[in-house]
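Undergrad: Give me the fold of what follows.
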Amino acid sequence: MPFLRRRKRTDVSDSRIDKNEDGDDIQEKSKRNRREERLRKWSCVDICCWFVGCICSIWWLLLFLLNAMPASFPQYVTEAITGPLPDPPGLKLQKEGLRAKHPVVFVPGIVTGGLELWEGHHCAEGLFRKRLWGGTFGELYKRPLCWAEHMSLDNETGLDRPGIRVRPVSGLVAADYFAPGYFVWAVLIANLARIGYEEKTMYMAAYDWRLSFQNTEVRDQSLSRIKSNIELMVTTNGGKKVVVIPHSMGVLYFLHFMKWVEAPTPMGGGGGSDWCAKHIKAMMNIGGPFLGVPKAVSGLFSTEARDIAVARAFAPGFLDKDLFGLQTLQHLMRMTRTWDSTMSMIPKGGDTIWGDLDWSPEGGYMCSAKKLKNNDTAGQNVNQSLARSKGVNYGRMISFGKDVAEAHSSEVERIDFRGAVKGNNLANRTNCDVWTEYHEMGIGGMKAVADYKIYTTGSILDLLHFVAPKLMARGGAHFSHGIADNLDDPKYQHYKYWSNPLETKLPNAPDMEIYSMYGVGIPTERAYVYKLNTYSECHIPFQIDASADGGSEESCLKGGVFSVNGDETVPVLSAGFMCAKGWRGKTRFNPSGIHTYIREYDHAPPANLLEGRGTQSGAHVDIMGNFALIEDVIRVAAGATGEDLEGDRVYSDIFKWSERIDLQL
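TA: The predicted structure is shown next:
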């Protein structure tokens with residue numbers, strides 16, 4: 001009996017165990033099913049949060065590794081891949097025994113100088129002395145409309161808007177970096193420091209690049225500050241003259257300064273006719289747009305350049321739509337058309353310099369020449385490319401239609417736009433969030449512009465007067481774009497002519513030297529094919545026709561833009577003509593015979609990503625890190641002359657193109 005009882009208990013306990021095991025299996029299955037159900041129910045929000053979390057974790061890990069690694073590690077990796085790097089120019093010349101001698105003055109160009117807020121409206125609360133331009137551009141992303149409002153100038157006076165004061169940053173930090181990691185003057189400054197330069201022998205002539213040149217003196221006394229600082233540097237350095245190094249629009253600004261400093265007060269600085277001879281050893285112009293840039297025309301006409309035209313081609317209408325509450329290009333046009341300095345960049349010299357309907361100095365230029373090799377096939381390609389390039393006429397700066405750009409002038413029927421009647425005949429004009437001067441033209445005025453079909457440099461000014469009358473009314477009082485018939489005419493003593501090298505004389509300083517230093521070998525905007533769009537009243541009606549293409553790899557026409565040799569911004573003709581011909585020897589523009597030199601730098605892109613922006617770049621801003629250019633600058637600052645640098649170094653056809661220009665010298 002006891003045995004049977006034990007047997008029963010055993011059977012019962014076994015059955016309980018079986019039941020428990022079955023229950024556990026059921027529970028595990030239900031849990032698994034619930035997990036699978038939750039996974040199936042993952043929403044897009046869950047996936048996005050997970051993705052963002054992974055990206056942030058990786059980002060913070062990379063930042064940690066970047067800060068933890070030795071400072072020499074990137075250079076070690078680069079040298080392991082590419083081999084030993086050459087010494088920086090400053091270190092190389094220091095080993096040669098060069099030491100700081102002449103004080104150096106940097107003159108930044110348009111866009112590259114930092115601007116900070118000193119007074120603003122309520123929307124700019126907390127931004128006192130914070131950079132609105134340069135640096136991180138954080139305020140552009142946080143409050144774009146407020147940023148555009150504070151970066152704009154008064155549309156009537158060209159000065160500050162009521163309640164707003166934006167001023168240039170001072171010191172070397174004003175333009176050493178444009179944004180974190182994107183150098184402008186920093187590399188050149190660092191190399192000069194290698195041979196003994198420091199802040200007391202280097203001066204950044206910062207100014208508000210939005211203002212007309214004379215207004216920088218009216219509002220900020222910027223020209224007077226440059227004069228005083230140069231005089232101080234010469235005095236405190238034993239009478240050694242300064243070497244001035246302007247970049248881009250800074251070249252035109254310093255041309256204006258040299259006339260201003262000699263002119264009597266109150267219009268000028270009262271320094272006298274020998275001030276430049278006493279204080280300036282050399283003027284080393286980097287990427288100087290002496291005769292303007294075609295890109296300025298497209299910027300003022302439609303707020304475009306090649307990059308924006310390409311973006312439009314990939315995403316039609318994207319930039320025109322109300323993106324994040326902004327009509328992007330309309331806001332940009334309204335803002336930039338208040339910057340009078342842009343007028344200084346409009347091409348100068350008219351058709352005499354830039355060409356007319358059927359002629360241009362660069363005629364026959366081969367856009368694919370650098371790609372060809374010296375063999376029979378290359379020779380055949382050269383002939384084919386030359387045959388194609390003969391159809392390119394760079395004198396037609398704006399053409400409405402590819403067929404118009406390529407047709408002979410006798411085949412083009414044009415209707416003069418100058419007498420066209422403007423009118424406010426746009427429907428639903430009140431729905432336009434951003435006012436531009438195009439709203440006042442009406443459909444008839446827009447059509448009249450397109451019906452004229454071809455615009456050369458000689459008619460560009462009339463075009464801009466028609467489409468941007470407020471800008472041109474202000475700018476016309478500060479800048480001129482012609483060629484002087486008689487430089488002794490008293491009218492050329494006015495400041496509006498001082499930044500145009502074709503309407504003013506160089507100073508009486510025969511011992512001074514002028515260098516024109518620029519990159520070559522990069523396709524650079526020279527002329528445009530446009531189209532008229534009237535499908536929306538609120539859009540900018542004129543656009544570069546990105547569909548216009550030359551039809552071959554060697555064509556100079558791509559995406560509605562005709563390209564020519566240059567540094568990606570300034571064509572060779574503008575950067576080199578004055579030093580190649582206009583000022584070469586004793587001319588009416590250079591009566592004292594100041595020595596001029598051309599130093600071209602053939603563009604070579606970086607060999608790999610580790611090389612950064614390259615040490616042989618000829619691009620408009622990247623050239624500031626070009627080792628050959630930096631070496632030339634340091635040698636002159638240390639006392640060398642143009643003859644010590646072996647005179648001109650030329651890779652382009654600048655001398656041939658200059659000879660084709662019939663200019664009275």
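Undergrad: now stretch 612-625: mean pLDDT?
TA: Averaged across stretch 612-625, pLDDT comes to 91.
Undergrad: before we move on, what about stretch 358-366?
TA: Rounded mean pLDDT across stretch 358-366 is 90.
Undergrad: What is the end-to-end distance of that stretch?
TA: End-to-end span of stretch 358-366 (Cα to Cα, to the nearest Å): 18 Å.
Undergrad: If you count neighbours, what's buried in it?
TA: Buried residues in stretch 358-366, counted by 16 or more other Cβ atoms under 10 Å: 360-363, 365-366. C-beta coordinates here come from the backbone N, C-alpha and C atoms, glycine included.
Undergrad: now stretch 122-138
TA: Per 16+ other Cβ under 10 Å, stretch 122-138 contains these buried residues: 124, 127, 131-135.
Undergrad: do the same with stretch 505-523
TA: 505-507, 509, 512-523.
Undergrad: Could you do stretch 281-301 as well?
TA: Per 16+ other Cβ under 10 Å, stretch 281-301 contains these buried residues: 281-301.
Undergrad: Send me it as CSV with only the CA atoms.
TA: Extracted C-alpha coordinates of stretch 281-301, given in CSV (Å, rounded to 0.1, in the frame of the first residue of the first chain):
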residue,chain,number,x,y,z
LYS,A,281,57.2,99.3,-52.5
ALA,A,282,55.0,96.9,-54.5
MET,A,283,51.3,96.1,-55.1
MET,A,284,50.9,92.3,-55.5
ASN,A,285,47.4,91.8,-56.9
ILE,A,286,45.9,88.3,-56.5
GLY,A,287,43.0,87.4,-58.8
GLY,A,288,42.4,91.0,-59.6
PRO,A,289,39.3,91.8,-61.7
PHE,A,290,40.8,94.9,-63.1
LEU,A,291,38.3,95.1,-66.0
GLY,A,292,35.4,93.4,-64.1
VAL,A,293,33.9,90.0,-64.4
PRO,A,294,30.9,88.7,-66.5
LYS,A,295,29.7,86.8,-63.5
ALA,A,296,28.7,90.2,-61.9
VAL,A,297,26.3,90.8,-64.8
SER,A,298,24.5,87.5,-64.4
GLY,A,299,24.4,88.1,-60.6
LEU,A,300,22.7,91.5,-61.0
PHE,A,301,20.5,90.4,-63.8
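Undergrad: That one: how far from the chain's middle?
TA: Remark: stretch 281-301 is offset 10 Å from the chain centroid, using Cα atoms, centre = their mean, to the nearest Å.
Undergrad: Over to stretch 331-345?
TA: Distance, centroid of stretch 331-345 to centroid of chain: 14 Å (Cα atoms, centre = their mean).
Undergrad: now, among the buried residues of stretch 505-523, which is nearest to residue 448?
TA: residue 523 (32.2 Å; Cβ to Cβ).
Undergrad: now that closest one, what's its secondary structure?
TA: strand (DSSP: H, G, I helix; E, B strand; the rest coil).
Undergrad: again, but for the one 5 residues further on
TA: Using three-state DSSP as the criterion, the local structure at residue 528 reads strand.
Undergrad: which residues in the stretch 51-200 of the chain form helices?
TA: 73-82, 89-95, 138-142, 144-151, 186-194 (DSSP state H, counting those that start in this stretch).
Undergrad: re earlier: output the buried residues of stretch 122-138 as TSV; include the columns distance to residue 637 and pLDDT.
TA: What follows is the buried residues of stretch 122-138, written out as TSV (distance: Cβ to Cβ, whole Å; pLDDT from 0 to 100):
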residue	distance to residue 637	pLDDT
124	40	90
127	37	91
131	29	92
132	33	92
133	29	91
134	25	88
135	28	82
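Undergrad: Go through those residues and flag which are in strands.
TA: Residues from the buried residues of stretch 122-138 lying in strands, with DSSP state E as the criterion: 131-133.
Undergrad: okay if I get the residues you listed as a markdown table plus distance to residue 450?
TA: A markdown table is the format used below for those (distance: Cβ to Cβ, whole Å):
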| residue | distance to residue 450 |
| --- | --- |
| 131 | 41 |
| 132 | 37 |
| 133 | 35 |
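Undergrad: Please read off the pLDDT at residue 419 from the model.
TA: At residue 419, pLDDT is 74.
Undergrad: right, so of the helices of the stretch 51-200 of the chain, which gets closest to residue 253?
TA: Smallest distance to residue 253 across these (Cβ to Cβ): 18.1 Å, for helix 186-194.
Undergrad: Tell me the gap between that closest one and the middle of its chain.
TA: 22 Å.
Undergrad: packing partners for the helix or strand just after it?
TA: Counting by DSSP states H and E, the element after helix 186-194 in chain order, helix or strand, is strand 202-204. Applying 3 or more Cβ pairs under 8 Å, 6 or more residues apart in numbering; DSSP states H and E, one finds that strand 202-204 contacts strand 104-107, helix 222-236.
Undergrad: pull the CA atoms of the last one into CSV?
TA: Extracted C-alpha coordinates of helix 222-236, given in CSV (Å, rounded to 0.1, in the frame of the first residue of the first chain):
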residue,chain,number,x,y,z
SER,A,222,38.2,103.0,-43.7
LEU,A,223,40.4,104.8,-46.2
SER,A,224,41.8,107.1,-43.5
ARG,A,225,42.5,104.1,-41.3
ILE,A,226,44.5,102.4,-44.1
LYS,A,227,46.5,105.6,-44.7
SER,A,228,47.3,106.1,-41.0
ASN,A,229,48.3,102.4,-40.5
ILE,A,230,50.6,102.4,-43.6
GLU,A,231,52.3,105.6,-42.4
LEU,A,232,52.7,104.1,-38.9
MET,A,233,54.1,100.8,-40.2
VAL,A,234,56.6,102.7,-42.4
THR,A,235,57.7,104.9,-39.6
THR,A,236,58.1,102.1,-37.0
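Undergrad: Could you name the helices and strands sitting against that helix?
TA: Judged by 3+ Cβ pairs under 8 Å, 6+ apart, helix 222-236 is in contact with strand 104-107, strand 202-204, helix 213-220, strand 242-246, helix 249-262, helix 275-279.
Undergrad: if you set the cut-off to 7 Å instead, what comes out?
TA: helix 213-220, strand 242-246, helix 249-262, helix 275-279 (3 or more Cβ pairs under 7 Å, 6 or more residues apart in numbering; DSSP states H and E).
Undergrad: what's the neighbour count on the closest residue to residue 108 other than its chain neighbours?
TA: Excluding the flanking residues, the one nearest residue 108 by Cβ to Cβ, 6 or more residues apart in numbering is residue 175, at 4.0 Å. Counted with other Cβ atoms under 10 Å, the neighbours of residue 175 add up to 30.
Undergrad: And residue 175, how close does it get to residue 523?
TA: 27 Å (Cβ to Cβ, to the nearest Å).
Undergrad: where's the residue lying closest to residue 87 once chain neighbours are set aside relative to residue 88, distance?
TA: Nearest non-adjacent residue to residue 87, counting by Cβ to Cβ, 6+ apart: residue 95, 7.5 Å away. Distance, residue 95 to residue 88, by Cβ to Cβ: 11 Å.
Undergrad: what about those two, which has more around it?
TA: More neighbours surround residue 88 than the other of residue 95 and residue 88, with 17 against 10 (other Cβ under 10 Å).
Undergrad: Against residue 205, how distant is the residue lying closest to that one once chain neighbours are set aside?
TA: Excluding its sequence neighbours, the residue lying closest to residue 88 (Cβ to Cβ, 6+ apart) is residue 191, at 5.6 Å. Using Cβ to Cβ, we find residue 191 at a distance of 19 Å from residue 205.
Undergrad: low-scoring pLDDT stretches of the stretch 301-450 of the chain, where are they?
TA: 306-326, 369-391, 423-435 (pLDDT under 70).
Undergrad: hey, where'd the strands end up in it?
TA: For the stretch 301-450 of the chain, the strands defined by DSSP state E, counting those that start in this stretch occupy 322-323, 326-327, 398-400.
Undergrad: Brilliant, that's me finished.
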